[in-house]
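In: Sequence first, then the predicted structure:
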Amino acid sequence: MTIERELADATRFRVCFVCTGNICRSPMAATVFEQLAKRHGVADRLLVASAGISDYHVGETADARTLRTLVEAGYDAGAHRAKEFSADWLDAFDLVIAFDRGQERALRSLARDEEQRSKIRLLLSFDPDATVPDVPDPYYSEDAFFGTVLRQIETAVGRLFRQIQPALRA
């Protein structure tokens, strides 16, 4: 099933995580979020997607370091294939999560109106303990840094999930 077809299902709360190339941060966050939803029995009430603001890696799997880090933490993102975010998705998604202010600006530039802009949030805005606004991109870092980024994402995604979970149970 294509993402466009899945987006047509308005009965589910729809979240898209958007990073630069859709091979590191956004697949991590989508995987963590989906696992939380499954664990809490609400996966059928959510559509979780990820995408990149660029088309650099469309069709590719997540970065090998991303996949390895996720597997080591007990997650599976092996089916992930990178996609480019489409401006049309701003109508379809309920929440569009960026990882840094550059991505947030790029997404806001795609928005036609305030309603669309209001759907765009930085991931760390859900973590009141975060001391910086951006989740760093591990792509040009050492392998170990992917674990650091995953832990930061797990914390923020967990807090985001707790905020929307009551509505999912209703």
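Out: The structure has been received and is ready for your questions.
In: who's in contact with residue 30?
Out: The neighbourhood of residue 30, defined by C-beta atoms under 8 Å, 6 or more residues apart in numbering, consists of 17, 48, 49, 50, 77, 80. Any C-beta I mention is one placed from the backbone N, CA and C, and that applies to glycine too.
In: Return the set of buried residues in the longest helix along the chain.
Out: In the chain, taking DSSP state H as the definition, the longest helix is helix 143-169. Buried residues in helix 143-169, counting neighbours by 16 or more other C-beta atoms under 10 Å, are found at 145-147, 149-150, 152-157, 159-161, 164, 168.
In: How about stretch 111-120?
Out: Of the residues in stretch 111-120, 111, 116, 117, 119, 120 count as buried by neighbour count, 16+ other C-beta under 10 Å.
In: Just the endpoints, please. Distance across it?
Out: 9 Å (C-alpha to C-alpha, to the nearest Å).
In: which other residues reach it?
Out: Under the contact criterion C-beta under 8 Å, 6+ apart, stretch 111-120 has outside partners 87, 90, 91, 93, 94, 95, 96, 98, 104, 107, 108, 110.
In: which regions of this protein sit below the pLDDT cut-off?
Out: Across the chain, the ranges flagged by pLDDT under 70 are 1-10, 170.
In: Please enumerate the helices of it.
Out: With DSSP H as the criterion, the chain has helices at 3-7, 25-39, 64-72, 89-92, 101-110, 114-118, 143-169.
In: Tell me which of those lies nearest to residue 130.
Out: With C-beta to C-beta as the measure, helix 143-169 is the member of those nearest residue 130 (6.9 Å).
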